[in-house]
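**Student:** what would the 3D arrangement of this be:
(chains A and B)
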Number of protein chains: 2
Amino acid sequence: MKRHLWTIALLAGLTFASQAVAQSKIVHDAEYYILEAQNGKKWEAEDKGIAARLKELRQKHGTPPNIVHIMWDDTAYGDVGIPAIQKVRGLNTPHLNRMAREGILFSRMYTEVGCTPSRAAIMTGRHPVRNSMFNIGMLRESHGLRASEVTLAEVLSKAGYATAFHGKWHLGDIEESYPHKQGFDEAFFTGYNQILSLHTRLAEGANASVGLIEDMLPEDPYKLDDTFITKGWVQVAEGTKNGPTRQWGDNSHDNYLKIDPEAQKRTLDFIERNAKTGKPFFVASWPNLTSFIPNPKKTSQSRSILQDGLESNIDPFVGKVMAKLKELGVAENTLLVCMADNGPMSHNPPPGLGMAETIFRGGKGDFLEGGVRVPAQAWWPGVIEEGQLVGDIIHETDLYTTFASLAGVTKEIPTDRVIDGIDQTALFLNGDTHSRRDYVFVYAGPNLGASVKGNYKRHWMTSDSVGEGSGIAAAFYFLPADPREKTPMLVNLIHLKSPFNRMRVRHELWKKKYPDLPERHGVPWTGIENATPKVEALSRPSVNLKDLPFDPLEYIEHLDGLPFDPTLDPDFGQ
Amino acid sequence: MKRHLWTIALLAGLTFASQAVAQSKIVHDAEYYILEAQNGKKWEAEDKGIAARLKELRQKHGTPPNIVHIMWDDTAYGDVGIPAIQKVRGLNTPHLNRMAREGILFSRMYTEVGCTPSRAAIMTGRHPVRNSMFNIGMLRESHGLRASEVTLAEVLSKAGYATAFHGKWHLGDIEESYPHKQGFDEAFFTGYNQILSLHTRLAEGANASVGLIEDMLPEDPYKLDDTFITKGWVQVAEGTKNGPTRQWGDNSHDNYLKIDPEAQKRTLDFIERNAKTGKPFFVASWPNLTSFIPNPKKTSQSRSILQDGLESNIDPFVGKVMAKLKELGVAENTLLVCMADNGPMSHNPPPGLGMAETIFRGGKGDFLEGGVRVPAQAWWPGVIEEGQLVGDIIHETDLYTTFASLAGVTKEIPTDRVIDGIDQTALFLNGDTHSRRDYVFVYAGPNLGASVKGNYKRHWMTSDSVGEGSGIAAAFYFLPADPREKTPMLVNLIHLKSPFNRMRVRHELWKKKYPDLPERHGVPWTGIENATPKVEALSRPSVNLKDLPFDPLEYIEHLDGLPFDPTLDPDFGQ
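**Tutor:** Numbers count the residues shown, from 1 in each chain, chains lettered A, B, ... in the order given. Presented below is the predicted three-dimensional model:
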C-alpha cells in the first residue's frame, strides 16, 4: 500500500523523499509548492515592493503594525458588510458596513467548520486536523490545545508585541491550553462556548422546555449515577503570562452577561495602554456574540438573538475599536480584521436564533460553502485601499502567517511541522487577484470533506445528511454557476477527477512526513487559584478508584485511541 | 357555501355588498382598502407634496416624464446590482451596478412566477389570474392577451405618449394580442420565448443531444401523426399601431441572434426620435437575454449563458440607454426601471445556463421568494435620490399604476375591473418606508400559492415539489430570519392563522364581484402579411375536417373549460 502511494506521488510529479525543504523555511502544505513553482518569480518581485512599503511604514510609525482581530460566531456571508443582503435579513450593522466600505470585503474567506477548529486554525496557522483540535469543546471536554503548538501570541511576542486575548477562547479546559499559558501576556477567556449561557440556575425559566441540565429538572426517581452529568466548571477565567489563573465571577447567567462587556473594556484598555507607550500590540478579541437565553425585550426588528448579538454587541464594539484607534492616532499603523468563525447554525437552530443560510448551502459543521465561507473584512486606513471587494481565496490559517510577516517575525514560525497558513500580505496590501492560494482542504472533523481549487470543488463525502444533497459521494461542482453545490457535474467536469486525486494524494503523502498529532487530553480546570469545591472535584475521581477494575484517568488518556465517527460523535457539528 | 363566505366577510369587518366604491375610481384589491383606511390621511398629505413636485418637474421640462422599462428573464436577486453577490457568482454588470448606485435598489420587488404572467402583470396592472394569462406561452399556444385588457401603452397614449415595444413580448400568438394591436405605436416582438432559439435547423449541432424538434431527428418509422408537432411559427414580427403585421426575417438561428441587436437599435432610435421632437415617450424594451445555444467562445468567466446574456447583452444596452438619455439631455425627465421578470430557472436548467438560487429558495415557477423576488432598480437623475436601498414591498403591477400616475392619466385606468397595481409614486420619489403596499398574493398558475404580509408569509400549498420543502401545506414563515422558507413556525406564528385567512377571504370575495376571466383562445399567427406557407397552414385545419367527428377549432375554444392542474400541465413552470 505504501509503495503504491509513492508510485502515485511519482506520477503526480513530486518525489517527496528527495524534496529538499530547507529546515529554516516554513513547511507549507504540498499544494503550495505546486503554485510556488509556477508563480514564485512573480511573487518574489512583488515581495520586494511589499518589503519596501512595510519598511517605509515602520520608519514612519516606529513600530511594526498593531493587529486587532475580532471574531464572532456562526454568521452567513453577507449578514454583515453587505447592505443589500442585510435588507433581506432585517439586519443592520452600520460600523461593520462602514469598515467594509473603507477597506476590503473578502468574498472567499474560508474557515474551519466549527468554533474550536476555527479558533485553533488561526492560533496555530494549521488545519486543526494536524493537532486533532477538530472536536467542539463542551463541558468537561478534558482536552485542549497542546503546549507544543506555537500560537500567534508566541510568534508575535518575539517581535516585541504586547499580546492579549479577550473573550471566547474555546480551545480547551486543560491547563496547558489556557491562553496565558499559550503565549498571551494577558488573558480573559472562556474555555467553552455560549451553551454555558444555558447551564445556569438563572436560566431556569428559559430552559423550562429545554432541560439541558439535570440539576434544573425534578429529581429523577430512577437515577443510579450521580457522576454522569458534569456539575462543576469555570465559566470565565483570567491570568497573565505563565502566571496563576483565577475564575472571574461565578457561573451564573448574570455573570455570563458581564463577560462580553468586560472583555471589550479590557480590549479597549489594552489598545489604549499600548498605543500610549508606543509598544506594538496584538489583541484577539472574540466576543461571545450572544446568550442563548433570548432577550425578551423588543430590541431587534428580526426578532432574533443573532440580530441582538450583531447589532447591540459586535457592531458597536467594532465602532468603538475604530474610533479608539483613530482617537489614539494609531489607526494608520493598525490592521483590523473582523470575521465570523464559521457558517450559521442553520440546521437545528434554537427558535429565535435567526441564523439562516443566505447564498450558500449548509452551515456550521458542513464542508459545504455555507459551513466555511464567512463574512470577513480588513481595515487599515491609508494602507489598505478603500472600497475593495476581493474575490481571491484566503483561508483563516493565512492570518497566522500574514500577521507574523507584517510583524517581521516569519522566522519565528516553527519549521518542524506543516503550517497551512500562507503569507497573504500581498493580498492585504495589493488587493484583488493577489492571493497566493487557489485551494482549500475542507475538513469535517478528522475527515476530508471537500477540496476547493479555484472555482472548482470536489466533495469526498456525500452532503445528503445536511439536506438537499445530491447523494453522490464524489461530486464535482463549478461554484460560480452553482454556489449552493446542488448540481454535481459528473459528465461536464469529469476531467477534474485526476487533478483532484493528485492534489489529495500530495496532501496525504506529505502527512507521512509530518503526521497529524492525536488529541491532547487531561484533567479539566486544574491550576485555578480560587477554584470552587465543584471545580476542585473535577481533578479527583468521582468514585472511589478502588471500586473500579480500571483507572478512569488512564481511560481519559486513551480517548483518542477510540475510532472516530462524526455521525456518532455527539460533539461534532454542534 | 356562499352565505358562509359572506358571514366570514362580515367577521372580517367588511360588507362587500354595501361597500361603495365610486365607479370613477380605480378598483383595487380588497386588501388595499384595509391599508387605506389606516393610512389614507397620511398618504393624502404626502400626495400633495408629490403633486407639487411633479408639477414643478413638468413646468421645468414641458412634458410629463419619459419612461423606459427594461426587463429580462430569470435572474436571482443580487445577480445584478449587488457586487458582493456578483463576486460569488462570477458576474459583473458595471452599468447596471452604477445605475443601482445612482438610484434605487429594491430588495422586495415581487413579480409573477413566469415570463408570460409577469409580462401580462406589468402590461395590465393585474395579476394574470384575473385574465388567465398565467400559462407560459409555447409554440402554437393559440391563446393570448385579450383585446379588452387595457395595456400600459393604451393608458399612456391618452397622455400623448409615444409608445414602443421592442423584444420578447410572450403574450400570445393570436392576432389581438400583438403589441401594436394592444396600443403600442410601434412594435418589434416575439410571441414566444427563448426556446425558439432551439427550434431551428441551424441549432442542429447544439440540439444533437436535446432533440426538441422532430424535424431534426431521423424519420421515426413508427410515426402515424404528422400534425402533432408544430412546424410553422413566426419567430419575430413587427407592426405599427393597428396596422399590418409582418414577419421580420426567417425562423433561423442566425435571425434569432439578430433580434436583440435590432430591438435595442430600435429602442435607442425611438428614444432619440422622441427626445428630439419633445414628445413624452414610453418604451418597454425586453431583450431575449440569450439564446439557449451556448456560445462556444470563451466570453464569460462563469462559463454560463446567463453571464453571456447579462454581460454582453443586457448590461451594455442599459449603459447605452443611460448614455443616450444623458446625451439627449432628457435623463432628468426620464424614469428608467430595470428588472428581471421572475426568479432563475434553477430547477432543471440546461447545462451551462448558470442560473442558480442565491439567497432565496426556489426559482421560476415557484411561489417561494426565489420565484418572485427579483433584481429591480430605478434611476432618474435629479429626482430619485442616489444610493438608496429600499426595503419596501412593491409588486410589478404597481408599475402600471405608477407610470400612469407619473403621466397624469390615472383617470384613464379602467374602473370596471380590479387593478392590482398600486400607485407607488411616493416610493419612487420619497424612498424607503414609503410603499403603499404591505402584501402580495403569489399565484402559481391559477392557484394561490402563498400570501405575503409584511415580513410574514403563509404557504397555501406545499412547496415540497420544489425540493427541500417542509411538507406542510399551510405554513407560516418569518422571512427576515428564514429567507429560504425552510422552517415553518406553526407554534410561534399560529396567531397569524386568522389574519391570513381573513386576508384571503376578502381577496376571494372581491372576485365574486369582479370575476376572473377565462383564457382567450384563437387561431395562431393570423394577419401576417408575408406569412410563409407553414404559418398560413396554422389557420387551416391540419386534417380534413370532414374526417373528424368534431370541430378542432371549437375544441380550441373550449380548452379553458379543461380542469387545470399545474402539476399535470406540461407548460406550467417552463
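**Student:** for the rest of this, base every contact and every neighbour count on C-alpha atoms.
**Tutor:** Fine.
**Student:** so is A:G370 in a helix, a strand, or just coil?
**Tutor:** With DSSP: H, G, I helix; E, B strand; the rest coil as the basis, A:G370 sits in helix.
**Student:** list the contacts for it?
**Tutor:** By CA atoms under 8 Å, 6 or more residues apart in numbering or on different chains, the contact list for A:G370 reads A:A76, A:G343, A:P344, A:E357, A:I359, A:F360, A:R361, A:G362, A:G363, A:K364, A:R484.
**Student:** the fifth one and chain B: what is the separation?
**Tutor:** Yep, that's A:I359 we're talking about. Taken as CA to the nearest CA, to the nearest Å, the spacing of A:I359 relative to chain B amounts to 4 Å.
**Student:** got it, and the first one?
**Tutor:** Taking CA to the nearest CA as the criterion, A:A76 is separated from chain B by 11 Å.
**Student:** look up how far A:Y110 lies from that residue.
**Tutor:** Using CA to CA, to the nearest Å, we find A:A76 at a distance of 12 Å from A:Y110.
**Student:** shared neighbours of these two, anything?
**Tutor:** Common neighbours of A:A76 and A:Y110, counting by CA under 8 Å, 6+ apart, are A:R373, A:V374.
**Student:** got the residues of chain A near chain B?
**Tutor:** Within chain A, the positions lying close to chain B (CA under 8 Å from any CA of the partner chain) are A:78, A:82-84, A:87-90, A:107-108, A:302-304, A:354-360, A:389-391, A:467-468, A:479-484.
**Student:** circling back to that earlier point, list just the nearest of the contacts of A:G370 to B:P375.
**Tutor:** Nearest to B:P375 among the contacts of A:G370: A:I359, at 14.8 Å, using CA to CA.
**Student:** could you report the neighbour count for that closest one?
**Tutor:** Other residues near A:I359 number 25, with proximity taken as other CA atoms under 10 Å in any protein chain shown.
**Student:** for A:G40, same thing?
**Tutor:** Neighbour tally, A:G40, other CA under 10 Å: 14.
**Student:** that one belongs to a strand, doesn't it?
**Tutor:** No. Applying three-state DSSP, one finds A:G40 to be helix, outside a strand.
**Student:** how much space between it and chain B?
**Tutor:** Here the criterion is CA to the nearest CA. By it, A:G40 lies 25 Å from chain B.
**Student:** what pLDDT does that residue get?
**Tutor:** The score at A:G40 is 96. That number is its pLDDT.
**Student:** and what of the one 3 residues further on?
**Tutor:** Looking at A:W43, its pLDDT is 97.
**Student:** list the buried residues in whichever helix or strand it is part of.
**Tutor:** A:W43 belongs to helix A:30-61 when elements are defined using DSSP states H and E. Counting neighbours by 16 or more other CA atoms under 10 Å in any protein chain shown, one finds that the buried residues in helix A:30-61 are A:A30, A:E31, A:Y32, A:I50, A:L54, A:K55, A:L57.
**Student:** got it, and stretch A:297-315?
**Tutor:** By neighbour count on 16+ other CA under 10 Å, the buried set for stretch A:297-315 is A:300, A:302-315.
**Student:** what residues does that stretch touch?
**Tutor:** Outside stretch A:297-315, the residues within contact range by CA under 8 Å, 6+ apart are A:72, A:89-96, A:287, A:289-292, A:294-295, A:352-355, B:480-481.
**Student:** dump the residue contacts of the residue of chain A positioned farthest from its centre.
**Tutor:** When each C-alpha in chain A is compared with the mean C-alpha position (CA atoms, centre = their mean), A:P221 comes out farthest, at 42.2 Å. Taking CA under 8 Å, 6+ apart as the contact definition, A:P221 lies against nothing.
**Student:** that one should be in a strand, yeah?
**Tutor:** No. Remark: A:P221 does not belong to a strand; assigned using three-state DSSP, it is coil.
**Student:** tabulate the contacts of A:G370 (JSON lines), appending pLDDT.
**Tutor:** Written out in JSON lines, the entries for these read as follows (pLDDT from 0 to 100):
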{"residue": "A:A76", "pLDDT": "97"}
{"residue": "A:G343", "pLDDT": "96"}
{"residue": "A:P344", "pLDDT": "94"}
{"residue": "A:E357", "pLDDT": "92"}
{"residue": "A:I359", "pLDDT": "94"}
{"residue": "A:F360", "pLDDT": "96"}
{"residue": "A:R361", "pLDDT": "93"}
{"residue": "A:G362", "pLDDT": "92"}
{"residue": "A:G363", "pLDDT": "93"}
{"residue": "A:K364", "pLDDT": "92"}
{"residue": "A:R484", "pLDDT": "92"}
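**Student:** one step back: please tell me how far the residue farthest from the centre of chain A sits from A:K231.
**Tutor:** As judged by CA to CA, A:P221 and A:K231 stand 19 Å apart.
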